[in-house]
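Asks: Here is a sequence together with a model predicted from it:
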2 protein chains.
Amino acid sequence: MLTLDLPKYKTIESISSSSKEYISFSQGTVKISGTPAPIKKHIQEELESDVLDYYQYVGGIYPLRKKIAEKLSRKHHVVIKTEQVIISHGSIGGITTTCLTLLKEGDEVIIPAPYYPSYRNIILFSKATPIYVEGYIKEGDTWKFDIENIKRSVTAKTKMLIISNPSNPSGVCLSKEEVIALKQWCEDKGIYLISDEVYDNFIYEQDYNSFTSHIPNSNFVMRTGSFSKDYAMSGWRVGYIVAPEHIVPSLIAVQDGTLCCPNVIGQHAALFALEHEYLIAEQINIVRNNRDLAWQLLQPLIEKEIISFVRPQAGIFFFIKTNHKDSEALVMDILHKVKVALVPGKDFGSSEETRSSIRLCFARQEALLIEGIERLLNYF
Amino acid sequence: MLTLDLPKYKTIESISSSSKEYISFSQGTVKISGTPAPIKKHIQEELESDVLDYYQYVGGIYPLRKKIAEKLSRKHHVVIKTEQVIISHGSIGGITTTCLTLLKEGDEVIIPAPYYPSYRNIILFSKATPIYVEGYIKEGDTWKFDIENIKRSVTAKTKMLIISNPSNPSGVCLSKEEVIALKQWCEDKGIYLISDEVYDNFIYEQDYNSFTSHIPNSNFVMRTGSFSKDYAMSGWRVGYIVAPEHIVPSLIAVQDGTLCCPNVIGQHAALFALEHEYLIAEQINIVRNNRDLAWQLLQPLIEKEIISFVRPQAGIFFFIKTNHKDSEALVMDILHKVKVALVPGKDFGSSEETRSSIRLCFARQEALLIEGIERLLNYF
């Protein structure tokens, strides 16, 4: 039996959701005004017919695959074919399908750290071995992507690299040159590159460089995406994979086993959402304002050198360095004393920098954000 | 890369769903009057709030787990704890989670044939080896469960056995003695026994013997279930696993990677459905009548010895023996000539009996059932 643990923050989330006393900054979800009302209204209407009731095609409903292909083609100035898009159970389900298809026992998967915790278990139940590499180094008030460190970790067994871009938890976006260099290196070595791009619309201060543009000309590059963040639809469980065409039939055959098909209601909601992209802009604006507000509110702790962190250029998290060597005891103490849920750094990696850090999700209602940070100021 | 194929019937289903000209008896779904209106009305109401919008606990929402535990405890006269129930993405998602947790490379999994086709790919992407055994032997006008044949297939590598009970495609229900004998043998050998019981309410002519009753006293027995069939909710993707307590934490950690959480709308719909069990009875009655009607309508072909089959005591399928050695060409010819979708026997196993058979799902609207069978009579 494979004995796996849940990431620590899942336990913290369970505690914090048990009572209204808690304010949760732990879960990576945009929790402001719920899934946009027009999407829900559309589903209410569709529930009058039977279009949502039955199994649909295992790779996802065709109009949604087509719409995603069109959107990504337009956005990234390339041609993504409908057949290259597979609808998945969130981005996470897409990564699972991909890993189950491409990995076997003995394979190694490079994960640049700090990293999103769920990659670990997916690689382990795919019977491969995760290889954690310090991929982002903090230098003063920026994070530097360390491709040389990643390159040094390659072995004859390296089969895949999984990266989140923008990064969860650090918010780092790769530059155009870094994207090309990483992609080129993976292709030269014959390594599959999976880019998890669920925060690709939460970009605040620069151009965004997606790996999507390289998929049409590669046998190795693929990306996942999600409706959970952009449209605050995390409960609806819809994401997608974009992959080189020759891999798609196997991905779909694997997904037939994991899902039979993605849930149909979520897919129809996602299709409607894509047809009304203005709904994204509203969410993003609020989240950007949240980031600036939370940054400002936390200044007293920064000035007193109790905490420090890089203000992220993308994403929905602060990855905050504390003065504690291992932040877990601190996170649990904050949870119990002032009822604020955060995530301990060791969920994201094992370096000293990472273990001393805590992750705070600022995509919350303004009043809760203010109240929660107030509690943190009092705690410290 | 793992190169897998979809079961053949998925392609047939894709063709038949491309135009209204086709009548599909291929997919194993209850397609009569849609998901019951009260369930959909309840979801329409809940969409007014934000209770469906966000991630929930990875193992499923507590009230649904509790309600399933209570229902199964009552039905099977045992105590199933809430903590033993995990909500999954359909029964198939539950089997995936279970296999990913319990299997490793080199392990063998016994599958009594004829069997549900998706088990094959799940075992393969779990990196184990499926071992097909003729588990059901047709003797005159009944199917006999052949436990001795199953026992003969055990090796030092046997780790698991997966069975559907009632069986898809044959409709066989195990007797009380067979359930006990199989369970006892698995325990003696240290083999996990997964019983896929999605048709456990479609029982027409005898008592039903579930493996559920043996879960509380076993470290090896588990079952899956589904809302797809009972409540015609296949598009909503909700099922469950009931497992020995010591396995549950690992199952949940695996599911965190495959799903993050099951879709929340489906879970709320399932909870409402369980609180209104009378909705099942209505569906079952219609499906039972369908079975009798379809049986009667097919008599001319049976009398002319063009086809023969055991009238099933459970489930939603006829598994029909034809005079063709391999039924695939026949199925494709029927699909093209009279636009009726069926499933070729070889999706379910490789014996001569199985390869010559076709599967017909009779859980359809009466008018479509009559029209489809009329077309089959004309074809033959």
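Replies: Now that the structure is in, tell me what you want to look at. Because the structure is a prediction, the values reported are computed rather than measured.

Asks: In chain A, where's the longest helix?
Replies: helix A:278-297 (DSSP state H).

Asks: what does it contact?
Replies: Residues outside helix A:278-297 that contact it (Cβ atoms under 8 Å, 6 or more residues apart in numbering or on different chains): A:30, A:32-33, A:36, A:38-39, A:201-202, A:204, A:230-232, A:273, A:311-312, A:316, A:318, A:360, A:362-364, A:366, A:369-370, A:373-374, A:377. C-betas here are computed from N, CA, C, even on glycine.

Asks: could you flag which of these are buried?
Replies: Those of these that meet the buried threshold are A:30, A:32, A:36, A:39, A:201-202, A:204, A:230-232, A:273, A:311-312, A:316, A:318, A:360, A:362-364, A:369, A:373, by 16 or more other Cβ atoms under 10 Å in any protein chain shown.

Asks: Touching, A:Glu46 and A:Leu52? I think so.
Replies: Yes - assessed by Cβ atoms under 8 Å, A:Glu46 is found in contact with A:Leu52 at 5.6 Å.

Asks: What parts of the stretch 151-300 of chain A come near chain B?
Replies: Counting by Cβ under 8 Å from any Cβ of the partner chain, the residues of the stretch 151-300 of chain A close to chain B are A:228, A:232-237, A:247, A:249-250, A:252-254, A:256-266.

Asks: Can you show me the helices along the stretch 201-350 of chain A?
Replies: Taking DSSP state H, counting those that start in this stretch as the test, the helices found in the stretch 201-350 of chain A are A:248-258, A:264-274, A:278-297, A:299-303, A:327-338.

Asks: how far away is the closest residue to A:Ser350 other than its chain neighbours from chain B?
Replies: Residue nearest to A:Ser350 in three dimensions, not counting chain neighbours: A:Tyr132, with 6.9 Å by Cβ to Cβ, 6 or more residues apart in numbering or on different chains. To chain B, A:Tyr132 is 16 Å away according to Cβ to the nearest Cβ, to the nearest Å.

Asks: and the closest residue in space to A:Ser213 that isn't next to it in sequence, how many residues sit next to it?
Replies: Once flanking residues are discounted, A:Ser213 sits nearest to A:His76: 4.5 Å by Cβ to Cβ, 6+ apart. When counting by other Cβ atoms under 10 Å in any protein chain shown, one arrives at 21 neighbours for A:His76.

Asks: A:His76 contacts A:Ser210, correct?
Replies: Yes - using Cβ under 8 Å, A:His76 makes contact with A:Ser210 at a distance of 5.8 Å.

Asks: With B:Lys66 as the reference, name the closest of the helices of the stretch 201-350 of chain A.
Replies: Set against B:Lys66 and scored by Cβ to Cβ, those come closest in helix A:264-274, at 23.6 Å.

Asks: can you tell me the average pLDDT over that closest one?
Replies: If you average the pLDDT over helix A:264-274, you get 98.

Asks: can you list contacts of that helix?
Replies: For helix A:264-274, the external contacting residues (Cβ under 8 Å, 6+ apart) are A:35-36, A:38-40, A:42-43, A:46, A:51-56, A:60-61, A:63-64, A:67-68, A:71, A:87, A:227, A:230-231, A:233, A:236-238, A:279, B:235-237, B:263, B:265-266.
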